[in-house]
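Asks: From the sequence below, what's the structure:
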Amino acid sequence: MKRIILFPMICLFVVLLSSCHNELRIAEQQQNFNNQYFSYSRYQLTTAIVNTAVPYGKGVVLQEQAQADWYSVNCYSGDNFPTFFKVRTPNWQLNDGSNPYTGIFRTCIALETLAASEGNNSNIAVSQILRAVNLAYLTEKYGDVPYSKADLGRTGDIFPTYDSQKLVYTQLFNLLSSAVKTLSSPNASALPASQDVLYSGNAAKWINFANSLKFRLIMHSYNAFKNAGIDYADTLKAIVSSGNYMQSNADNASLPFVGTNGSDSWYTNTATWGSINSFTEIKPSNTLVQKLLALNDPRLYVWFAPAQMPESASSTTTQEAVIINGFNYSITHDPANNPLFGNHPVNSFDDNGNPISVPYPLDARWIGAPTIFEINVIYDGTFTAAGNNDNRRLTGLSNLFQKAGGDPRLKAVMMEASEMQFLLAEARAKNLITSGTASGYYNAGISLSFDRWQIANGTTPATYDGSTSIQSSYSDYLSNPAVALAGDATDLTKIYFQKWLANYLTNHTEEYTEIRRTGNPTFAESISIAFAGDSYPYRNLYPFDELNNNSANNTAALAGIGGTDAGGAKMWIFK
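Replies: Coordinates of the predicted model:
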């Protein structure tokens, strides 16, 4: 579904224009696709895994998603909601800007065609799982999308109709069920361990991923299907009964980065390989920082660096060297009595979207951005000589996120075991499943999140100053009344909130779907729309290529969201 290139010297007459477009699309489809068949399926498998995980995982640095999730803001970008309401991209896009219809879907079809010729049914099954990841992303970004007629490689329709979201979800379930059936069969072929860069040929882990992904997608669409007369509760129960789902961090569908250069390093590691701005310009929301502090949540000290140049109560400039989680920071305490400075409270909003004023706490280490506007200059902002997109008065990302050489905590995440545990907790709290307890699944989700960030279970120290690693008492955290489930109406709110925390810097894309689905945490929507002065965004606009070259089918698809291509329109699963 590439944009059609017009050749007016060839297509001289209007009556021939459509025919010319068709021929050019077919030629492009054939030329760019043929070379993928001169290979083996095992090599296409590596490409398919990388080209699914890395683009999907890049959602953690997309500022429009970070604002919608109320995770972080950017020093220079301001309000990012116009991306949803006004920005129309040229073509369909994944998180990295690539077009899945001319990229990953074709790779998957080539992989499956080659694997069929080789008699390798397991490679086909893995490709089906990867197709499901990408198709789910697309439908949850746009709504109705072309699929059944659009990703057939050499034989696909060049002007495809759109599948309804209900049909897309049904096809997603079928893809994942087929994959699990194949991989569970005694006749399943061996997966190539060297080329399977996600699970090293371990079919059981692919089965766990497929079942967990199916569980996620059923939860996303459960109410919509129930309203249509279809109840998937028995399918959820069957997945739980099988025991074949993500239960440990070893099951995580996340791809590590080698870290040898810019192209194979985690998304903010540009301090080593390029401009430092991509690292320094990201500032956590003050809401996130203060909630972590209130819970004495140890993830604060893994994720963030203290403010590097706080305004100080001291009358003279003082220097402080501190080590937190093994990373060195040099803090300059800047006298607040300097005539050039002032307290300058910043206008912000509370959890309910009510206006508040946020003054600067002198000598602050942990203060996030309380606004989306002019982050670089609030509180008499300062920046480093190496990068102007910064405000050193504010808490920033930990040096972990610019660590050279890679780190096992920095991965391209498609799904993790902690998410699956929170989904199970939600399903149990709603009595959609009957096995286990909501609190058991919930506690496991929090513990898995701690563990994936290498937070050891031990005595919580009085301070993390001088720490070479982070440890905390899991039991103390889980027994905190603000954390522990009480068996009442607050349980779901706590489950959604802890899932919000667990998805930070791992899966912003999934969290954006969860906020649209559940409305929780409520402050994410309340605060973000209070700043934007607009409704909450529920989808992205369809790309220009569809309006220009597939307009009839695109217009037909809009009927499902009220006939208007609008960012605030709710797609089927959110109605």
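Asks: which intervals of this protein have sub-threshold pLDDT?
Replies: 1-38, 151-156, 270-276, 338-343, 384-388 (pLDDT under 70).
Asks: What residues of the lengthiest strand in it count as buried?
Replies: For the chain, the longest strand by residue count, based on DSSP state E, is strand 327-335. Residues 327, 329, 331, 333, 334 are the ones in strand 327-335 that count as buried (16 or more other CB atoms under 10 Å). From N, CA and C alone the C-beta is placed, and that goes for glycine too.
Asks: Likewise for stretch 542-561?
Replies: By neighbour count with 16+ other CB under 10 Å, stretch 542-561 contains the buried residues 542, 543, 545, 546, 549, 550, 553, 554, 557, 558, 560, 561.
Asks: wait, which of these is closest to residue 200?
Replies: Relative to residue 200, the closest of the buried residues of stretch 542-561 is residue 543; by CB to CB it sits at 36.7 Å.
Asks: Okay, that closest one and residue 528: tell me how far apart.
Replies: Remark: distance between residue 543 and residue 528 (CB to CB, to the nearest Å) = 24 Å.
Asks: Would you enumerate the residues in contact with the closest residue to residue 468 other than its chain neighbours?
Replies: In space, and not counting its chain neighbours, residue 468 is closest to residue 326: 4.5 Å by CB to CB, 6 or more residues apart in numbering. Contact analysis of residue 326 by CB atoms under 8 Å, 6 or more residues apart in numbering lists 467, 468, 469.
Asks: any idea how far residue 286 is from residue 326?
Replies: Residue 326 sits 26 Å away from residue 286 when distances are taken as CB to CB.
Asks: do residue 94 as well
Replies: According to CB to CB, residue 94 stands 31 Å off from residue 286.
Asks: what ranges do the strands span in the stretch 51-200 of the chain?
Replies: Assigned by DSSP state E, counting those that start in this stretch, the stretch 51-200 of the chain shows strands spanning 72-74.
Asks: just the helices in it please.
Replies: In the stretch 51-200 of the chain, the helices defined using DSSP state H, counting those that start in this stretch lie at 63-69, 82-85, 104-118, 121-142, 165-184.
Asks: Hmm, residue 248 is touching residue 417, no?
Replies: Yes - counting by CB atoms under 8 Å, residue 248 touches residue 417, with 5.7 Å between them.
Asks: Of the two, which one has the most company?
Replies: Taking other CB atoms under 10 Å, residue 248 and residue 417 do not tie; residue 417 has more neighbours (25 against 12).
Asks: Skip the chain neighbours and tell me the closest residue to the more buried one.
Replies: residue 246 (4.0 Å).
Asks: Kindly confirm my reading that that neighbour is in a strand.
Replies: No - assessed by DSSP: H, G, I helix; E, B strand; the rest coil, residue 246 does not belong to a strand; its assignment is coil.
Asks: Could you measure from it over to residue 255?
Replies: Distance, residue 246 to residue 255, by CB to CB: 15 Å.
Asks: CSV for the contacts of residue 326, including neighbour count?
Replies: Putting the contacts of residue 326 into CSV (neighbours: other CB atoms under 10 Å) gives the following:
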residue, neighbour count
467, 17
468, 9
469, 13
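Asks: Residue 222 and residue 137, how far apart?
Replies: 19 Å.
Asks: actually residue 478, not the one I wrote
Replies: Distance, residue 478 to residue 137, by CB to CB: 32 Å.
Asks: Those two: which is more packed in?
Replies: A direct count of neighbours by other CB under 10 Å for residue 478 and residue 137 places residue 137 higher, at 22 against 16.
Asks: right, and the more buried one touches residue 56 too?
Replies: Yes - taking CB under 8 Å as the definition, residue 137 is a contact partner of residue 56 at 6.3 Å.
Asks: Spit out the residues that contact those two alike.
Replies: Common neighbours of residue 137 and residue 56 (criterion: CB under 8 Å, 6+ apart): 94, 95, 509.
Asks: residues touching the residue nearest to the last one when sequence neighbours are not counted, list them.
Replies: Leaving aside its sequence neighbours, residue 509 sits nearest to residue 59 (CB to CB, 6+ apart; 3.6 Å). Residues in contact with residue 59 (CB under 8 Å, 6+ apart) are 65, 95, 507, 508, 509, 512.
Asks: With residue 511 instead?
Replies: Applying CB under 8 Å, 6+ apart, the residues contacting residue 511 are 65, 69, 71, 499, 500, 503, 504.
Asks: Off-centre distance for the helix or strand encompassing it?
Replies: If you go by DSSP states H and E, residue 511 is part of helix 508-518. In terms of CA atoms, centre = their mean, to the nearest Å, the centre of helix 508-518 is set 9 Å apart from its chain centre.
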